[in-house]
Structures are given as C-alpha cells and as structure tokens.
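**Q** okay, structure incoming, though there's no sequence with it:
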C-alpha cells in the first residue's frame, strides 16, 4: 500500500440469516477476509433481516455477507435489500453463499444482491470480491 | 525409492505408512482387541451373524413441503424396498416454531416437512402402519414434543406404545457443539432428555430415545477422530445424567443409539466405526459396570457425508456416495442413509433418491460384501488404524475430563474451536491443491450441464399458515391454556415432563405454543461466539 492512500479499513458484516445453523462456511469466509485486512463484524446465528440491517447500519459497514443453507434465500436476501433501501442504506453491498441453486441466482441479482458464491467457491475469489469493494 | 508425496496422511491427518506388517501389531492382541463378533469388545460387530442374519436397515431421510407431500414420498420409498422411515423436518419445526411464526417466513417446508400440530403428524403418517415400520425422527431441541405427537397418533389408532419402534435424535450436546439448533440452556435440555429416556424405559421399551450424533460434528468440519471422540464423550455425558437421575444403567443403555458420518477416507472410516464400538464397550464397562452385555453394545446409523458432495459435476456424487456407503457396511452399521447426487443444490428429486437407494441395494445384493462378518478384520493396516483412532479419541477424553466434562468444554468453546480449526486446515489444503477434489480444484468441466432439482412452491407456506388458523379456531382455548399451565408447573418441578407434553399435544396445543411455554420456565440460550 502506498503512503498516499489513507484508507479506513473496509468493514464487512458477516453472519447467518434465517434459522439454519450451518456456520462453517461463513466462519471460513470471515477468517479469510479478516486475514486480508478487512474488519469483520460477525453477527452469529439466527439473525432476522431486521437485525442484520440494524447491525449493518449501526456498525457502518460497506458490505453484508451472508450464508444461507435452508433454502430461504429467495425470501430473506431480497427482504434485506428492501430494508436497506427503506433505511436509505442501499450503498451497502449484499453478497451471499450457501446452498443456492444456479437457477435462483439471476433472480437474486436482479433483486439487488451483488454476488452469489456457489458451493465450492475458492475463498480467494470471495476475498478478491471484497477487496474490489474498496476501489468503488 | 521416490514416492508421489513427501508424506501420506489420512483425511484426519493420521500418518500412513508405506506398507503394514505384523510389526505394526506388536502390542495388539486378538482376543483382547478383536475377539468374536457379538462379544466384548465388539470390534467386529454387535451381533454374531451380522448381515448374514439380517441386512442393515435401508433408511432414506426424507421430508419436504407439507405432510401430504412427505407422506407420498414415504409411501414411494417403502414401495421401492426401503425398510425404515426417517423424517426430515423443516427449519421452523427444528427450532420449535409454528409455520405461522414471523421467524418462519420463507423457510416453511424447505429443508424438511412442516409439522406444527397433531393433525400435521396424523397426515404425515396417514396409511403407514406404525406398528410394522420403524421411524427415525431427526429432531433435537423440540424432540419431546414431536415424539409426543407420534405417540398420540399411535394411541388414536389403537397401537400400544410397547409395539412402537424407532428413534428420535434428541441429542442436544452436538447442537451446542456443531449444528446450532437449540431452544433452552443446556441444563434444562439435559433434564428433558433424561425425562424422555425414563419415559421410554417405562412405556415405549422398543424406542431409541436418543441417537448420539457425530454426523453433524463431521459436517461442521471436524476430523474423523474428533467426530469419534466428541460423540462418544457426549454419550457418556447422557449416561451420567440418567444415572444421576436414579435410572439403572441396564434399564436404558441398551436403548441408546449412535449416528455417524461416512466420509471419503475409506479405511479411516471403517476403522472409526470399529474403534467406536470397542471404545464404547470399554468405557461403559469401566465407568458403569453394567450387568447386561447389551448395555456395552454401540449400535449405529450411518449417513454418507453431505459435506463431501460437490455442486460441480454432480453425477460424481453417486460415486463418492457408493464408496462411503461401502465403508459404512464394512464398518458394520445397523442402518444407512445414502445421499442423493443433487443434495448440494436442494432436497433430492425422486429420481435422485431412488438412485441413492439402489446404491445400497446393489451393495447388499450384488457386491457379496455382506456374506461374512467384518471381512477386513485382522488386516495389519486396518487394525493399526483402529488402534490409532481409539488412542486419539482417548486423548480427547482425557482433555475433556480435565476440563470438567462436556458442558464446561462447550462453555469454553473448546470443541467448537477444535472443529473450526480442522475445517480451516481442510479448506486450505483444498485451496493449495494439496488435496484434490475432482471437478472442483482439478479436472474441471468447462461447460457444466445443470441437473433437474426439486422446487418447493411458495404455496406450501401459505397453505400451512391457513391450516394453522383453522386448527386454532376449532379447538377449546381453555383446555389448551390449562394443559400448557400444567406443563409449566411440571417443568418447574422435578417431575417427568413427557405426560404433560402428551396432554398438551392431545389438547391441540401447537409445537410453537408448547415450546414457548417451556422457554418461559427454562429461558433461552446465547452461544459463546467462537470465531
């Protein structure tokens, strides 16, 4: 990093929304982006869309990364994007991973989710994506 | 001579030698460490004849949508030659929430069947002879409530409880450790489990009141050694609780059952199952001195490893599942679920689940591996590996004992941390290509072909919510309130809670209402965050 960049560290909320408890993936993502110099706010399990959005705004994060394995992504992710919009926080980027079938991805993207990482995505891909947010 | 790699390690990281000889078994003793199948220490299996007497139960875990949808899948699987039922509940049900709870939005019927009421349970088992099939229910936090519903269905059909066979998972320790679906703090949960065990001893003697599970520990990223160690130690914790509550070990230990993962490392998995039987027998004998030999026998269900399957090139999953299923059979499992190739994407389609069942049938009837008991027993490599698994698990036992037991260890985040570290090591090995995952980090397909997947319609949630409204409107509110109040009083005392839960279910209290009533007495739980 050059001396001219006086950036505050990127802050990203990582968490689990909905009822399923599969937190291995989000924890590995949290570690990987933290190791890449990103400040991670980890919400823990069983968050409602309202809780996620409240925490994201309070903590002033640039992005929200969520893991969903229960099949509820088609409801929960657009709901979070809508709540962010209602609160005037649509600049916060939403991305997700977990058990999300390919054919659901276009719908989620057009609902305002920035990226969906399917099972088997290398952590480095997610790290690059998050680091790319800094340059926006 | 040069080899492909500087060192060879099992999936759990155990060092593997080039070749195994009698020198590896210098301290090994045939009678002490292996013995006969059906005899202490049960390394070779818990029955003298094993699959020559009876094949394992082929039990596919199934559940999606409404009770009717799942009932149709159950009937289909039984027609296809499946020999036992296994219910997958949706997330709200697993968390003790009704389908119309605001927190259930978007989740109803997705990763299992939605059951909120006794009527739902009746529809789920419509036309299925509860006295002739055995039913396994994967339910933990609210296990006692779903079990009460099952008992109430049997009672309405005039089937005596003594004829009911099956299992409820009812293992809360592994929820705090790995799967993260709990309702209350650990102490009241453990008491509720002991109550279910005591109730079964007295009234439902053929039922397994708990299935002590390593499956989810492994899926959360643990090694085979950690799966073995934490699961068996959880088992000892439940025995301890029941004995402390005044139950005779021989009254309930024969009804305990276990549930393990069958992962990719073929020999390590077989060694794990054999080590599990031997270690359980030895620990139970040393700690509790039971008189009934059945109290020493570890019986288990196995499921192939969901976490080993890949979304890329999903057909490859059939091959992985076959290898894993074979390991479970060679390890002497009592029942088996084989995953379907499409399960990294969604719940399985009927075609995919049929193929998974056929995989078991081909192993059972065409491979001829079921002709003799423990066919790999005595192999230098396998016996050495079995010893290594047992030793490594005992090392964890000593650490857990020193921490003051599993509850203390969970409070400190110890097993959670061990599992997360193992998951991270594994992921790094994949990313550095030290481990090859076919289709993921090697042999990738430039033009992947999608496979058909099962969709759950949004109407499931709508219908379920409407049905609940009708159900609530038809019942006697005073009777519901009265049974819930009585249950709370019972929960605050030391009495067994099962009769009170059955009364509430029969008065048409819903799952969510019963769980809320109990939370008012027991409180809720916030996990220590391990990151």
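**A** Perfect, I can see it now. Everything numeric in this text was worked out from a predicted model, so none of it was measured.
**Q** buried sites along the host helix or strand of residue B:276?
**A** Using DSSP states H and E, residue B:276 sits in helix B:266-288. Judged by neighbour count using 16 or more other C-beta atoms under 10 Å in any protein chain shown, the buried positions of helix B:266-288 are B:266-284, B:288. Backbone N, C-alpha and C define where each C-beta goes, glycine included.
**Q** for residue B:361, which non-adjacent residue is spatially closest?
**A** residue B:81 (6.5 Å; C-beta to C-beta, 6 or more residues apart in numbering or on different chains).
**Q** the one you found touches residue B:58, doesn't it?
**A** Yes. If you go by C-beta atoms under 8 Å, residue B:81 and residue B:58 touch, sitting 7.3 Å apart.
**Q** joint contacts of these two?
**A** B:357, B:361 (C-beta atoms under 8 Å, 6 or more residues apart in numbering or on different chains).
**Q** would you mind listing what in chain A touches chain B?
**A** Chain A comes close to chain B at residues A:18-24, A:27-28, A:30-31, A:40, A:42, A:44-46, A:48, A:69-72, A:74-76, A:79, A:99, A:101-103, A:118-120, A:122-124, as judged by C-beta under 8 Å from any C-beta of the partner chain.
**Q** in helices only, show me those residues.
**A** A:24, A:27, A:28, A:30, A:31, A:74, A:75, A:76, A:79, A:123, A:124 (DSSP state H).
**Q** need the contact partners of the helix or strand of chain B at the bottom of the mean pLDDT ranking.
**A** In chain B, the helix or strand scored least confidently by mean pLDDT, DSSP states H and E is strand B:61-62, which has a mean of 88. Here strand B:61-62 makes contact (C-beta under 8 Å, 6+ apart) with B:70, B:73-74, B:77, B:85-88, B:136, B:138, B:303, B:337, B:353.
**Q** on that earlier part again, give me the lowest-pLDDT entry from the ones in helices among the residues of chain A next to chain B.
**A** Lowest pLDDT among those: residue A:24, with 90.
**Q** just checking, that one touches residue B:424?
**A** No. Contact criterion C-beta under 8 Å: residue A:24 and residue B:424 do not qualify, at 9.2 Å.
**Q** who has more neighbours out of those two?
**A** With neighbours defined as other C-beta atoms under 10 Å in any protein chain shown, residue A:24 and residue B:424 compare such that residue A:24 has more, 23 against 17.
**Q** ok, the more buried one - contacts?
**A** Contacts of residue A:24 (C-beta under 8 Å, 6+ apart): B:219, B:220, B:221, B:420, B:423.
**Q** residue B:139 too?
**A** Residue B:139 touches B:87, B:89, B:93, B:94, B:146, B:147, B:168, B:169, B:170, counting by C-beta under 8 Å, 6+ apart.
**Q** before we move on, what about residue B:351?
**A** Counted by C-beta under 8 Å, 6+ apart, residue B:351 has contacts residue B:452.
**Q** and the strands in the stretch 301-450 of chain B, which stretches?
**A** Shown for the stretch 301-450 of chain B, the strands assigned by DSSP state E, counting those that start in this stretch span residues B:335-337.
**Q** which parts of the stretch 201-350 of chain B are helices?
**A** In the stretch 201-350 of chain B, the segments counted as helices under DSSP state H, counting those that start in this stretch are B:215-219, B:224-244, B:249-252, B:266-288, B:316-330, B:350-365.
**Q** tell me which of the ones you listed is the most buried.
**A** For the helices of the stretch 201-350 of chain B, the largest average neighbour count (mean count of other C-beta atoms under 10 Å in any protein chain shown) is found in helix B:215-219, namely a mean of 27.
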